[in-house]
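[1] just to be clear, the model below is a prediction. Sequence and coordinates:
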Amino acid sequence: MNRKQFIGIISLWLIIIFGLIGYKQLTIVTGTTVLLETVPVDPRDIFRGDYVTLNYAISDYDTLPFSGTERGVNVQSGDTIYVVLQLENGVGVPQYKTLNRPDNQLFIKGRVTGYESEYTNYAIEYGIESYFVPEGEGKDIERARGRNLYTQVSIDKNGNAVITDISFQ
C-alpha cells in the first residue's frame, strides 16, 4: 500500500466517523425537544462502565393503540413503526402507533422487536435505550429509583431521536 492509498483510507474513515457525529448533532440542533417517561433498567456494567439501560412508557407495544385505519393489522419483528406524540408540559404523551409515516405531527420512529413463545410479545425500540453517564453517576441513578425519571430527547423531522439528558423529577 502506498502513501496515497493509506491517506485515502484514513480520510474515508474520518469522513464516515465525522459524518455520523454530524448527523446526530444536526438532530440535536434542529430537532424538537421532548421529555419521555422512562424506567431505568440497569445502571452499571463491569465492562462498559457507568451507563443506564432505559425503557420507555412508549416502548410497550400492547398498550399503544393503532391508528383508526390500521386496527387489526399484523406486524412482524423488524418492522418500522411510528408513534405519534402530543406534547403536554414538554412531556411526549403517546397518542397512537402507525406503520405509515405521519404527516404534520410530532412522532418518533421505532422498530418492532419481539420474541415468540405461546404468544408473540412485542416491544418497540427507538435506538435510545442506552445512555452513558459520567463515571460515578450510575450509582446516583440507581439510588434515585422510585422517583420519576425523564429522558430528554431531540426528535428530527424523520422521527429519529437522540438523547440529550436524563433527569429526575
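    On my side now, so go ahead.
[2] from here on, just use CA atoms for contacts and neighbour counts.
    Fine.
[3] now the helices for the protein?
    Assignment of helices within the chain using DSSP state H yields the ranges 3-30, 137-143.
[4] mind telling me which of those helices the model trusts least?
    Comparing mean pLDDT over the helices of the chain, the weakest stretch is helix 137-143, at a mean of 68.
[5] of all the helices of the chain, which one is nearest D62?
    Judged by CA to CA, the one of those that comes nearest to D62 is helix 137-143, at 27.4 Å.
[6] which helix or strand in the chain has the lowest average pLDDT?
    Per-element confidence for the chain was summarised using mean pLDDT, DSSP states H and E. The lowest value among helices and strands belongs to helix 137-143, with a mean of 68.
[7] point to the residue nearest the middle of this structure.
    Averaging the C-alpha coordinates of the chain gives a centre point, and the residue nearest to it by CA atoms, centre = their mean is I128 (2.8 Å).
[8] just checking, it touches A161?
    Yes. Using CA atoms under 8 Å as the test, I128 is close enough to A161 to be in contact (7.0 Å).
[9] how is the chain partitioned into domains?
    When the chain is parsed with automatic domain parsing, its domains come out as 1-30, 32-168.
[10] now the end-to-end length of the longest one.
    Between the opening and closing residues of domain 32-168 there is a gap of 20 Å (CA to CA, to the nearest Å).
[11] got the contact list for L35?
    Residues near L35 by CA atoms under 8 Å, 6 or more residues apart in numbering: 90-92, 150-153.
[12] make TSV from those residues and add neighbour count, pLDDT and distance to V73 to it.
    As requested, the contacts of L35 are exported to TSV (neighbours: other CA atoms under 10 Å; pLDDT from 0 to 100; distance: CA to CA, whole Å):
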residue	neighbour count	pLDDT	distance to V73
G90	12	91	31
V91	17	93	28
G92	22	94	25
Y150	21	90	31
T151	25	91	30
Q152	22	94	31
V153	23	95	29
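[13] show me where pLDDT drops low in this protein?
    Along the chain, the parts satisfying pLDDT under 70 run over 40-50, 115-120, 136-145.
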